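Asker: what follows is a predicted protein model with its sequence.
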Amino acid sequence: MDLLATVFHNEFLQGASSATEAAPATATPTIESIVASSKRRCNVAGCANVLVSKGRCIRHGGGGRCRIDGCDTSSKRGGLCWKHGGSQACQHEGCPNLTKSRGLCWSHGGGKPCASEGCDRPCLRGGYCWSHGGGKRCKVTECLRPAYKRNQNYCDQHWAEQSSNNHTSASYLRCLVVFIFSFTILSKRR
């Protein structure tokens, strides 16, 4: 935090009298910190993205918009969004997918390349392709399958095992309710 932010933060937490006493001495700024702070940031409160135009980042409405009436998606090429033809088709022969980067779709090597030397596959989370350790792995020790947020960071197989062991899962509760309901109706008929 810079000095002014620290003073206001302390003033907010402890009152105006203690803010000047608690403010730390400022260090001499480095060239890196000056360059980093000079980048223009989005004007939306709490957003640290670099602004593109109109004082905003792409997420908050900066940059060009699709020229098709009623479409508010950001434009790619020729003033059109990807839905209306602003993206190019993959250059790989016979591939109908849209390009990610370098004229290729994700399947054919589009996207940021893997950081491992000599690897031309696209990177996943962490800057590396799957083979070189990129992506998110299952949280079960020694399982190398991909993990998913929807599975609480388990792979599909271990999530199925967790769900079958967990008697509070939604499917188990549905079955239990149906069973109790059916049993109640049958017992009333007798």
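Answerer: Received it, and whenever you're ready, just let me know what you need.

Asker: going forward, measure contacts and count neighbours with C-alpha atoms only.
Answerer: Noted.

Asker: need the pLDDT of the residue nearest the centre of the chain.
Answerer: In the chain, the centroid-proximal residue (C-alpha atoms, centre = their mean) is residue 125; its distance is 9.8 Å. On the pLDDT scale, residue 125 is placed at 77.

Asker: my guess is residue 92 contacts residue 104. True?
Answerer: Yes - here residue 92 reaches residue 104: they are 6.8 Å apart, a contact under C-alpha atoms under 8 Å.

Asker: any idea how far residue 84 is from residue 147?
Answerer: Remark: distance between residue 84 and residue 147 (C-alpha to C-alpha, to the nearest Å) = 33 Å.

Asker: which one's more surrounded, the two?
Answerer: Shown here are residue 84 and residue 147; by other C-alpha atoms under 10 Å, residue 147 has more neighbours (22 against 15).

Asker: list the contacts for that one?
Answerer: 136-139, 153-156 (C-alpha atoms under 8 Å, 6 or more residues apart in numbering).

Asker: just list the residues touching residue 102, thanks.
Answerer: If you count contacts by C-alpha under 8 Å, 6+ apart, residue 102 has them with 110-111.

Asker: how close does it sit to residue 78?
Answerer: With C-alpha to C-alpha as the criterion, residue 102 and residue 78 are 18 Å apart.

Asker: before we move on, the earlier item: contact partners for the residue nearest to the centre of the chain?
Answerer: By C-alpha under 8 Å, 6+ apart, the neighbours of residue 125 are 134-136.

Asker: same list, these, but as JSON lines with distance to residue 111, neighbour count and pLDDT please.
Answerer: Shown next, in JSON lines, are these (distance: C-alpha to C-alpha, whole Å; neighbours: other C-alpha atoms under 10 Å; pLDDT from 0 to 100):
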{"residue": "134", "distance to residue 111": "14", "neighbour count": "18", "pLDDT": "84"}
{"residue": "135", "distance to residue 111": "14", "neighbour count": "17", "pLDDT": "84"}
{"residue": "136", "distance to residue 111": "18", "neighbour count": "19", "pLDDT": "87"}
